[in-house]
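Participant: here is the input, now give the coordinates:
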Amino acid sequence: MTHIHDEGQACAAAHGAAPAGETRRTLIAVFASPVADCLLRFGAELDFRTILFEPDPERRLDGFTAVTRLEDCVDATSDVVLTDHHREEIGPVLRDLLRSPARWIGIMGSARHTGPHVRALAELGVTPEEIARVHRPIGLDIGSRTPPEIAVATLAGLLADRNARPGGFTF
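Facilitator: Predicted coordinates:
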């Protein structure tokens, strides 16, 4: 079969020959959850170094090693996603992440109301400027409802950021 195409980077990627990114990003899913499972599986396919951070040693995801200390996994390449906004640990976890070298921090949740992380962080003495560094909502607005869809939307947003693109259909 003869292929007629341009030899650009997009074509190379389509044929599996695109060069790896200059800096490999680390994707840290915080809290074992169905969304974390999808984020880690899909993220590995997208060349993220994937890590599950789960402070509760009783909670795990099959197929993933979990770390229980943030200082063991967060560096300047880290994109961190809190996958459960109902856990009581969100305040201390986010406070510690805001003190870390993580390059991007986000927490799942709807933009229609204030997230519980805002009050949890304020109660810990975190300034409004620091709280504003936590992205919420996360990912591209594609109407995601299921864990795989939320993971795809989140990863699409992180890929757009990694590739210095706005995301969406604006080219």
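Participant: what lies in contact with stretch 26-36?
Facilitator: Stretch 26-36 is contacted by residues 39-40, 43, 48-54, 56, 59-61, 66, 73-75, 77-84, 87, 93, 102, 108, 147, 150-151, 154-155, 158 when judged by Cβ atoms under 8 Å, 6 or more residues apart in numbering. For the C-beta atoms, the positions are set from N, CA and C on the backbone; glycine is no exception.
Participant: now do the strands in the chain.
Facilitator: For the chain, the strands defined by DSSP state E cover 26-30, 49-53, 66-67, 78-82, 104-107, 134-135.
Participant: I'd like those strands as CSV, with distance to residue 118, mean pLDDT and mean neighbour count appended.
Facilitator: CSV is the format used below for these (distance: least, Cβ to Cβ, whole Å; pLDDT from 0 to 100; neighbours: other Cβ atoms under 10 Å):
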stretch, distance to residue 118, mean pLDDT, mean neighbour count
strand 26-30, 17, 97, 26
strand 49-53, 21, 96, 21
strand 66-67, 26, 92, 17
strand 78-82, 13, 97, 26
strand 104-107, 10, 96, 22
strand 134-135, 8, 94, 19
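Participant: turn those into CSV, columns for distance to residue 125.
Facilitator: Converted to CSV, those look like this (distance: least, Cβ to Cβ, whole Å):
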stretch, distance to residue 125
strand 26-30, 21
strand 49-53, 23
strand 66-67, 26
strand 78-82, 19
strand 104-107, 18
strand 134-135, 15
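Participant: buried residues in stretch 112-119?
Facilitator: 115-118 (16 or more other Cβ atoms under 10 Å).
Participant: likewise for stretch 137-145?
Facilitator: Those would be 137-140, 144, for stretch 137-145 by 16+ other Cβ under 10 Å.
Participant: repeat for stretch 125-138
Facilitator: 126, 131, 134-138.
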